[in-house]
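>>> Please find the sequence and the predicted model below.
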Amino acid sequence: MLVVGLTGGISTGKSTVTQRLREEHKIKVVDLDAVARQVVEPHTPALRQIVDRYGKEVLRWDDKTQQEVLDRPSLGKILFNDKAEKKWIEGVLHPAILKRTAWEVLKAYASLHSIVVLDVPLLFEATLHRYVGLAALVYCSPQTQLQRLMARDSVSKEEAEKKMAAQFPIDDKVSLADQVIHNDGTREDTHREVAMVVQQWRDRTRWWYVVQWLCPPLAAAQAAWIIWSKKKQGESKGEKRE
Ligand SMILES: CC(C)(COP(=O)(O)OP(=O)(O)OC[C@H]1O[C@@H](n2cnc3c(N)ncnc32)[C@H](O)[C@@H]1O)[C@@H](O)C(=O)NCCC(=O)NCCS
Ligand SMILES: Nc1ncnc2c1ncn2[C@@H]1O[C@H](COP(=O)(O)OP(=O)(O)OP(=O)(O)O)[C@@H](O)[C@H]1O
């Protein structure tokens, strides 16, 4: 099975691309933003830790479920404005997110998917690219990124720039990626690029994933090889976590 890590910058178009992957190409996608929401649902250990640290101000009443839930904009304000708190929040959430994601990958393998795409906003920042077979970047210029972020989230230029600054600059991610999907033009242009990369992924997997499914030690050996060789590559480039 080919595990693709799909990343980008905030608002460069990951969701636009993954929607196409799911609907047109029928590819299994695991969205780590969605997983990040699950790990802070009511009564989870992660939410308890967050409330212990920041108090009830990070909660809001949800009429639909009749309970207190995480107020995401409030936690976002803390995370995007304070580097030390960002680190603390990530220290609580990332291990829980990783555990759930590993489980989703195993489920995809067991149900004989040839390709699984992980939509990971912080693929490079969290050095998760070492654990995937291919890192694909959804790219648009920083100017387009800023405009789309301001329009989509109805935020000021200053607020949008602060969110962009919490990640590696999109131009720096280009050299770290194995493949780039350009999303500066029309959606139709992007759909064409997506079709091209999907063909490349399918060419890489062919019948190999069936062999791996029939012989799990082969799949485990390939995963171990990818992790080991990417770790070596990273060390020789002097890569380190943010
Ligand atoms: C801060 C939170 C509460 C804001 O929630 P909100 O619903 O407003 O936004 P959402 O979750 O949809 O994220 C939107 C985008 O923000 C960016 N972003 C999210 N977390 C981070 C982070 N820790 N560092 C930098 N950028 C981030 C990503 O580009 C993401 O796609 C939320 O993003 C969160 O819990 N973040 C911490 C978990 C995390 O690191 N998630 C990234 C998954 S790898
Ligand atoms: N090719 C395009 N042309 C015009 N608008 C686009 C294009 N691609 C994406 N957009 C718009 O740009 C905004 C950001 O796109 P999208 O939500 O897919 O980004 P994202 O990378 O998933 O964002 P996030 O990191 O916040 O999850 C959305 O409002 C989307 O409709």
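Okay, I see it. Ligands and ions are numbered 1, 2, ... in the order given.
>>> now the lowest-mean-pLDDT helix or strand in the chain, how far from the chain's geometric center?
Every helix and strand in the chain was compared by mean pLDDT, DSSP states H and E; the lowest is helix 208-214, with a mean of 73. Centroid separation for helix 208-214 versus its chain: 26 Å, with C-alpha atoms, centre = their mean, to the nearest Å.
>>> Can you give me the buried ones in the helix or strand just after it?
Once the chain leaves helix 208-214, the next helix or strand it forms, by DSSP states H and E, is helix 216-236. Residues of helix 216-236 classed as buried under the neighbour-count rule (16 or more other C-beta atoms under 10 Å) are 219, 223, 226, 230. In short, each C-beta sits where N, CA and C put it, glycine included.
>>> Remind me what helix 216-236 packs against, helices and strands.
helix 208-214 (3 or more C-beta pairs under 8 Å, 6 or more residues apart in numbering; DSSP states H and E).
>>> Give me the contacts around the helix it packs on.
1-2, 109, 112-114, 218-219, 222 (C-beta atoms under 8 Å, 6 or more residues apart in numbering).
>>> if you set the cut-off to 6 Å instead, what comes out?
1, 112, 114, 218-219 (C-beta atoms under 6 Å, 6 or more residues apart in numbering).
>>> Including distance to ligand 1 and pLDDT, could those residues go into TSV?
Formatted as TSV, the contacts of helix 208-214 follow (distance: C-beta to the nearest ligand atom, whole Å; pLDDT from 0 to 100):
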residue	distance to ligand 1	pLDDT
Met1	21	88
Leu112	26	86
Ser114	24	90
Leu218	29	78
Ala219	24	78
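>>> Out of those residues, which is nearest to Ala84?
Each of the contacts of helix 208-214 was scored against Ala84 by C-beta to C-beta, and Met1 proved nearest at 38.3 Å.
>>> just checking, that closest one touches Ser111?
No - here Met1 lies out of contact with Ser111, judged by C-beta atoms under 6 Å, at a distance of 10.2 Å.
>>> More neighbours: those two, which one.
Higher neighbour count among Met1 and Ser111: Met1, with 21 against 10, using other C-beta atoms under 10 Å.
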